[in-house]
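Engineer: quick one, structure for this:
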Amino acid sequence: MIKRYDIDNKLRGETLVRKGLMKKHAGAFQLKIIPDLNVVKIGGHGIIEYGREVVLPLMAEIGELSKKHKMLIVTGGGARVRHIMDVGIDLGMPTGVLAELAGKISEQNAIIVSLLLTKWGGTRIKTADLLELPTMLTLGMLPVTHGTPPYGLYEHPPETGLIPPHRTDTGAFLMAEVLGARSCILVKDVDGLYAEDPRLNPNARLIEDITVEELISMDMEDMVMERKLLYLLRDAANIREIRIVNGHQRGNIEKAINGEKVGTIIRA
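Structural biologist: Numbering: from 1, shown residues only. So this is what the prediction gives:
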């Protein structure tokens, strides 16, 4: 019998998929790298594409808030993502290629937002720079990055269709989770999560507070956030809630950071 050369450790001989092993590490200590960080995701579709009348006041608001709170600004893609996906799907591009293409668009928005925030120390960073954030924040920088997770060609297949399931909402959440942030705030162009599309039904009910399981059980046709985020939040160790707020109304982001009643809270 040929002897295996191995290294003595607590996981020696494990397949790393054994259920008992997973349960053993449930609740294990995890370092919170920046526990006072607020991750604020700015939607391309809901914010940036409204132009200067919406974007410039919001940038000033975020800039002033960054003087009092540690913040990481994350950008979405918007209409150009929808366009490139439409073209890609029509040409038969696989999901991984669609994810790779979409990431380029949200990166463009990160460049724009970081430049608009230069007065307050706005600095564009890439996903590989996340572990440099403690130093950057100490130096007074306001980091800005794009939200598309760096799966690229390795993007997970969706349950149905071709649209990449991990987009900029999930990317912002995953950054908040790995950094052990205090909050993850999604800034949209609506007052929060509605039971129906408020543009189609003006009387749609605003959901102010709900759990992941309750929301999953509703099996909604559409949502203002990515559906994949619900399952990530359910399994997360550090981030136990997310907030959705309207970025077209001044003061909402600060209210969310301070834990005041605003928008929608989705709890694990």
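Engineer: hmm, who's touching the least confident helix or strand in the chain by mean pLDDT?
Structural biologist: Scoring the helices and strands of the chain by mean pLDDT, DSSP states H and E places helix 19-24 at the bottom, with a mean of 90. Contacting residues not belonging to helix 19-24 are listed as 11, 14 [C-beta atoms under 8 Å, 6 or more residues apart in numbering]. No exception for glycine: its C-beta is placed from N, CA and C like everyone else's.
Engineer: burial count for the residue nearest to Arg12 when sequence neighbours are not counted?
Structural biologist: In space, and not counting its chain neighbours, Arg12 is closest to Asp6: 6.0 Å by C-beta to C-beta, 6 or more residues apart in numbering. By the criterion of other C-beta atoms under 10 Å, Asp6 has 8 neighbours.
Engineer: sec struct for Asp6, please.
Structural biologist: coil (DSSP: H, G, I helix; E, B strand; the rest coil).
Engineer: quick one, strands of this structure?
Structural biologist: 37-42, 70-75, 122-124, 142-146, 183-188, 193-194, 206-207, 209-211, 241-246, 264-267 (DSSP state E).
Engineer: what strands line up against the first one, and which way round?
Structural biologist: Read it as strand 37-42. Take DSSP bridges as the rule and strand 37-42 pairs in its sheet with strand 70-75 (parallel), strand 183-188 (parallel).
Engineer: mean pLDDT and mean neighbour count for those strands - can I get that in a markdown table?
Structural biologist: Output for the strands paired with strand 37-42, formatted as a markdown table (pLDDT from 0 to 100; neighbours: other C-beta atoms under 10 Å):
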| stretch | mean pLDDT | mean neighbour count |
| --- | --- | --- |
| strand 70-75 | 98 | 27 |
| strand 183-188 | 98 | 26 |
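Engineer: I'd like these written out as a markdown table, with distance to Val224 added.
Structural biologist: Shown next, in a markdown table, are the strands paired with strand 37-42 (distance: least, C-beta to C-beta, whole Å):
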| stretch | distance to Val224 |
| --- | --- |
| strand 70-75 | 16 |
| strand 183-188 | 6 |
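Engineer: and those: which comes nearest Arg227?
Structural biologist: Using C-beta to C-beta as the measure, strand 183-188 is the one of the strands paired with strand 37-42 that comes nearest Arg227, at 13.4 Å.
Engineer: picking up where we left off before, next, format the strands of the chain as TSV and append distance to Ile163.
Structural biologist: Shown next, in TSV, are these (distance: least, C-beta to C-beta, whole Å):
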stretch	distance to Ile163
strand 37-42	18
strand 70-75	19
strand 122-124	27
strand 142-146	18
strand 183-188	18
strand 193-194	20
strand 206-207	24
strand 209-211	24
strand 241-246	20
strand 264-267	21
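Engineer: out of those strands, the one nearest Gly88 is which?
Structural biologist: strand 142-146 (18.2 Å).
Engineer: now do that closest one: which elements does it pack against?
Structural biologist: Where contact means 3 or more C-beta pairs under 8 Å, 6 or more residues apart in numbering; DSSP states H and E, strand 142-146 is packed against strand 70-75, helix 95-116, strand 122-124, helix 133-138, helix 168-179.
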